[in-house]
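# Would you be able to build a 3D model of this:
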Amino acid sequence: PFPAASSTWHCNDDDVYRAPPIDRSLLPTAPRAAREPNIDRSRLPKSPPYTAFLGNLPYDVTEESIKDFFRGLNISAVRLPREPTNPERLKGFGYAEFEDIDSLFQALSLNEESLGNRRIRVDVADQAQDKERDDRCFG
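Model prediction:
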């Protein structure tokens, strides 16, 4: 359906986007979950809830698509906050809760992976409130 010039240009364009990020080219045979994410395990919560913050989500994301993104991991809950003024519209971030620390750790290795048309951010959910409580107990 495209004229030859257009499809040639399209192929070249594809090559630009196909340049692999370094970590993937180093480990082309390792399954995604087997790669150790570059994460300081001390940042992980010591006890439940094991919650990941999800940023840069596509606005049409659903709980199902999040569960599918983390398939193979023990995901127990997905929370996708909505705009108070427009309940149809998501805020573009959310949280995924995991049943165990290993699932959370593996989920963090999916940081910068694509969901829909976006590279999403997966990070440890901020537990500052919990941390302050712990510091008071142990300090």
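# For the closest residue to Leu57 other than its chain neighbours, which residues are in contact?
Sequence neighbours aside, Gly92 is the residue nearest to Leu57 in space, at 5.4 Å (criterion: CB to CB, 6 or more residues apart in numbering). In short, each C-beta sits where N, CA and C put it, glycine included. If you count contacts by CB atoms under 8 Å, 6 or more residues apart in numbering, Gly92 has them with Gly55, Asn56, Leu57, Tyr59.
# quick one: the third one from Phe93, how far?
If you measure Leu57 against Phe93 using CB to CB, to the nearest Å, the figure is 6 Å.
# So the two - more neighbours on which side?
Higher neighbour count among Leu57 and Phe93: Leu57, with 21 against 16, using other CB atoms under 10 Å.
# Make sure that one is actually in contact with Arg119.
No - using CB atoms under 8 Å, Leu57 makes no contact with Arg119, being 10.7 Å away.
# hmm, back to that, please report which of the contacts of Gly92 has the highest neighbour count.
Leu57 (21 neighbours).
# quick one, phi psi at that one?
Here is the backbone geometry of Leu57 (degrees, to the nearest 10): phi -70, psi 150.
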